[in-house]
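# With the sequence up front, the predicted model follows.
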Amino acid sequence: MALAQDIRDRLTLPAFAAPMFLCSGVDLAIACCKAGIIGSLTRNHCRDLAELEAQLKAVSQALATHAEVTPGAKIGPLAVNISPTFSREEFREHLETCRRYGVRIIVTSVGDPTQNAPLVQDYGLLHFHDATTIRFAEKAAAAGVDGIVCIGAGGGGHAGTISHLAFIPQVRAMFDGTVVMAGAVSSGAVIRAAEILGADLAYMGTRFIATKEAGAPDAYKAMLVEGGVTDVLYTKGVNGLPASWLKASLRAIGLDPDNLLIPEGRGTGHLPEGKTPWRDIWSGGQGIGLIDDIPSVADLVDRLRREYVAACAVPDMADAARVEA
C-alpha cells in the first residue's frame, strides 16, 4: 500500500489533522494523536526553534504517559509543518530536533521540494508536500516526496480550484506514494470518499479548528458553527494570494466581502490599520456547512469513525443487484 505500514498500524481512522497557523498547538496535537489520527504542529507561528522544541517535548511527554497508562492504545504519529525558506543548515537543525522527539512526517507547503525531500529522508522522516495544481503535484512526484497533499476546491487557507473528483484520480495515476485529499473534509463519509477516489488519507483543517483543544479564539470557532458554504469567500483580496476566508470575519474588521480591493501582487497594506490575515481575518473551507458543534477531539474522532464505518458498509452495485434479485 502507498501509506507506510507503520503509520497505518497506528491509526484508528485514515485522517490527518492539518497543521494550521495560530490554530494548531500542543493541546490539539496531543488530542489528535491520542485519538489515533495524525496530529500536527507548525513551525510557522513559533518565535524560534526553541519554542518549537518546547512544543515537541510537551507532546512527546504527554503521549509517552498516555502509552504507559493505556498500554495497547493506538497513538497516531506526529507531523510538523516547516517552511522550506530556512537555510539548508537551519532546515537540518529543525529536522534533527523533530527526529529527536519522535516526529514521523514533515510537511512543506511552498518552495521546491527537490532540495528538501532528500534532506528529510536522510533523517529517516517522511516528506509530504502540498499541491494545489496538477503541475505542482507532478513536480512533487518528480522530487521523490513520500506524500502529496492534494488541496482541492473548497479547502480553507490557500486552497486550489480543482475538483477532488478530477484531482485525486489524476495524482493517484501518476504517483505511487501517499496521496492525501484536502479540502472541505468534515465527515467520516467524506473520508471514505477520499479512499474511493484513490487517496490514502483525508486532511482535515477547518473541522478541527472547531474543537475544544484548537488554539483558535472562541469567536472564530463560533463563526464556523454559524456559517455555511456561502459564507466562505475565495479571493486574492486579503493578502494577494487566492485563499478562502470567512465573510463574517471580513465584516468584523470593517471590510465588505462583495467589494474588496484586490492588491497588485502579494501584500496586506490595503487592509485596515493593525489588522492582519489569520489573526484578525479568519479562514475556513466549504466544509463549515457540515459543522454544527464544538466537540472535544476525542468525541469528534469517535463520531467520524462511526460515520466512516457506516460509509464503508454501504453495499456496492453488485451487492445491491443481488439484493434486488
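All right, it came through fine.
# send the alpha carbons of the biggest helix by length in the chain over as CSV?
Criterion DSSP state H: the longest helix present in the chain is helix 49-69. The C-alpha coordinates for helix 49-69 follow below in CSV (Å, rounded to 0.1, in the frame of the first residue of the first chain):
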residue,chain,number,x,y,z
LEU,A,49,13.3,26.7,17.1
ALA,A,50,13.5,26.7,20.9
GLU,A,51,9.7,27.3,21.1
LEU,A,52,9.0,24.5,18.6
GLU,A,53,11.3,22.2,20.6
ALA,A,54,9.3,23.1,23.8
GLN,A,55,6.1,22.1,22.0
LEU,A,56,7.6,18.9,20.7
LYS,A,57,8.8,18.0,24.2
ALA,A,58,5.4,18.6,25.7
VAL,A,59,3.6,16.5,23.0
SER,A,60,6.2,13.7,23.3
GLN,A,61,5.9,13.5,27.1
ALA,A,62,2.2,13.5,27.1
LEU,A,63,2.0,10.7,24.5
ALA,A,64,4.6,8.7,26.4
THR,A,65,2.5,9.0,29.6
HIS,A,66,-0.7,8.1,27.7
ALA,A,67,1.1,5.0,26.3
GLU,A,68,2.0,3.9,29.8
VAL,A,69,-1.4,4.4,31.2
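# which helices and strands does that helix pack with?
Other elements packing on helix 49-69 under the criterion 3 or more C-beta pairs under 8 Å, 6 or more residues apart in numbering; DSSP states H and E are helix 26-34, strand 39-42, strand 78-81, helix 88-100. For glycine as for every other residue, the C-beta is placed from the backbone atoms N, C-alpha and C.
# Looking at the ones you listed, which is nearest to residue 278?
Across the helices and strands packed on helix 49-69, residue 278 has its closest neighbour in strand 39-42 (11.3 Å, C-beta to C-beta).
# Rounded mean pLDDT for the closest one, please.
For strand 39-42, the mean pLDDT works out to 98.
# That strand pairs with which strands, and in what direction?
Next to strand 39-42 in the sheet, as set by DSSP bridges, lie strand 78-81 (parallel).
# to the chain's geometric centre, what's the distance from the partner strand?
Between the centre of strand 78-81 and the centre of its chain there are 10 Å (C-alpha atoms, centre = their mean, to the nearest Å).
# Also stretch 87-101?
21 Å.
# Give me the contact list for that stretch.
43, 49, 52-53, 56-57, 59-60, 78, 80, 82, 84, 86, 106, 115-116, 119-120, 122-125 (C-beta atoms under 8 Å, 6 or more residues apart in numbering).
# do stretch 113-125 as well
Outside stretch 113-125, the residues that touch it by C-beta under 8 Å, 6+ apart are 84, 88, 91-92, 95-96, 98-99, 103-106, 108, 126-127, 129, 139-140, 142-146.
# thinking again about what came up before, would you indicate which residues of the longest helix of the chain are buried?
For helix 49-69, the neighbour count (16 or more other C-beta atoms under 10 Å) marks 49, 52, 53, 55, 56, 58, 59, 60, 62, 63 as buried.
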